[in-house]
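1. Attaching a predicted model along with its sequence, questions to come.
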Amino acid sequence: MFAACAGRALGQGLLFLLAVPAGGSPAAQEEPRPAAKILAEFDAVRFPGMSADASEDGARRFKQEIEVAARVQVDLALELHRAHPEHARVPEAMAARWALMSNALGRANEVLAEVEELLAAGSGGRLGTAALFARARAGLVAEDVPAEEKRAFVEEAIARDPGDPLGGVHLIAVAKYHTQDVEEMRALCERVLAEWPDEAYASAPARGFLVQLDRIGKPLPLEFRDVLSGETIDAADLRGHPVLVHLWSGFHGEMGGELERVRQLHAALGPRGLKVVGVHLWGDAGGEEALKAALAARGIAWPQCCEAAAGQEPWEGRFRTGEVPLCFLLDEAGVVRSVSYRVRNLVPAAHRMLGAV
């Protein structure tokens, strides 16, 4: 479905792109560079470490540095594939190319079209397997791929290589971001723990998400000092209203987008009675004063808890999660009714609670 549309959108020249150097016919090109030379440059690419500058300018520079390094590896992987398609490191290099295109460069749709044509041409072996897992990753990232097709891409990759830990990583992504069925979420987490128990990037998120799902039907303890007003707020102060509890950190990238979605939901449903509480996991990047200034600049006035425990990651304490953004939707009695790592997944439930369909 999506793959066919993507192929039409991008044209039918992707196999030609993979087979022929850009800029003309093979005869018009110089001799391909040796694989060793290409791989030496590929391996020499260094990505920046996490930036200590939490400002918007710092975040922008950090993102630009990642994109520059990503583009270099993306192009070198393609050069290796075109010049030396049988080289043993082609599957590895192309897998890196597709991962960087999907995540660092925002080109998931191009990945879907590219790997679809490779698979249609009969690419098998390690490259074919890499293409299937790349399609699964890109499908999860691309906004216009239906949820059932995302899941199908993941299952097809797992069927090709059940032992690849990426299968578990992708299944957890389905559970956390691409379904709103609680029983399906639980089943996927339990499957990951059964099939990939030793893969930390799959099993740890699965255990954490099961903890969050176990909160459904129970009150969520809330008591904190609002950094904006200085007042102490607890669960009793919020009774009688549905409450969205938004755990987050930072203002850029995914966090910035999620914060804007919370702002939109608050603007739409706040007048109808929805309360929003933010739990900002700021760490050491500026503390409360920096948080207050950044919130004021964005016109955000709902209560904020600034969690900054010394010597530990604060979100692994009270809320038992190692990943944000994370949202809980509470009913008027303060009981958790829904939980999600995406704000938008809770929007329909919030509307239903308020009769604001």
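-> Looks like it came in fine. Numbers count the residues shown, from 1 in each chain.

2. Strands of this protein, residue ranges please.
-> When secondary structure is read from DSSP state E, the chain shows strands at 223-225, 232-234, 243-248, 275-280, 304-306, 326-330, 336-340.

3. How many neighbouring residues does the nearest residue to residue 261 once chain neighbours are set aside have?
-> Leaving aside its chain neighbours, residue 261 sits nearest to residue 343 (4.3 Å; criterion: CB to CB, 6 or more residues apart in numbering). All C-beta atoms are positioned from the backbone trio N, CA, C, and that covers glycine. For residue 343, the count of nearby residues is 24 (other CB atoms under 10 Å).

4. In contact with residue 343, which residues?
-> Neighbour list for residue 343: 244, 246, 258, 261, 262, 265, 325, 327 [criterion: CB atoms under 8 Å, 6 or more residues apart in numbering].

5. And for residue 94?
-> Contacts were defined as CB under 8 Å, 6+ apart; by that measure residue 94 touches 77, 78, 81, 127, 130, 131, 134.

6. between the residues you listed, which is nearest residue 35?
-> Of all those, residue 81 has the smallest distance to residue 35: 10.4 Å, by CB to CB.

7. Contact partners for the nearest residue to the closest one once chain neighbours are set aside?
-> Leaving out its chain neighbours, the residue that sits closest to residue 81 by CB to CB, 6+ apart is residue 90, at 5.3 Å. Contacts for residue 90 were tallied using CB under 8 Å, 6+ apart; they are 80, 81, 84, 127.

8. Would you state the predicted confidence (pLDDT) at the first one?
-> pLDDT, the model's per-residue confidence, is 98 for residue 80.

9. quick one: the lengthiest helix in the chain to chain centroid distance?
-> Scanning the chain for the longest helix, with DSSP state H as the assignment, gives helix 56-83. If you compare the mean C-alpha spot of helix 56-83 with that of the full chain, they lie 18 Å apart, counting by CA atoms, centre = their mean, to the nearest Å.

10. rewinding a little: with residue 144 as the reference, name the closest of the strands of the chain.
-> Shortest distance between residue 144 and the strands of the chain, using CB to CB, is found for strand 336-340: 20.2 Å.

11. strand partners of that closest one, parallel vs antiparallel please.
-> Using DSSP bridges, strand 336-340 pairs in its sheet with strand 326-330 (antiparallel).

12. Which residues does the strand it pairs with contact?
-> 212, 215, 220, 238, 242-247, 315, 319, 336-343, 346, 349-350, 353.

13. Quick one: buried ones out of these?
-> Judged by neighbour count, with 16 or more other CB atoms under 10 Å as the criterion, the buried members of the contacts of strand 326-330 are 212, 215, 220, 238, 242-247, 315, 319, 336-343, 346, 349-350, 353.

14. so how far is the first residue of stretch 339-355 from its last?
-> 19 Å (CA to CA, to the nearest Å).

15. Poorly predicted segments of this protein, please.
-> Along the chain, the model assigns pLDDT under 70 to residues 1-29, 50-56, 251-254, 282-286, 307-322, 356-357.
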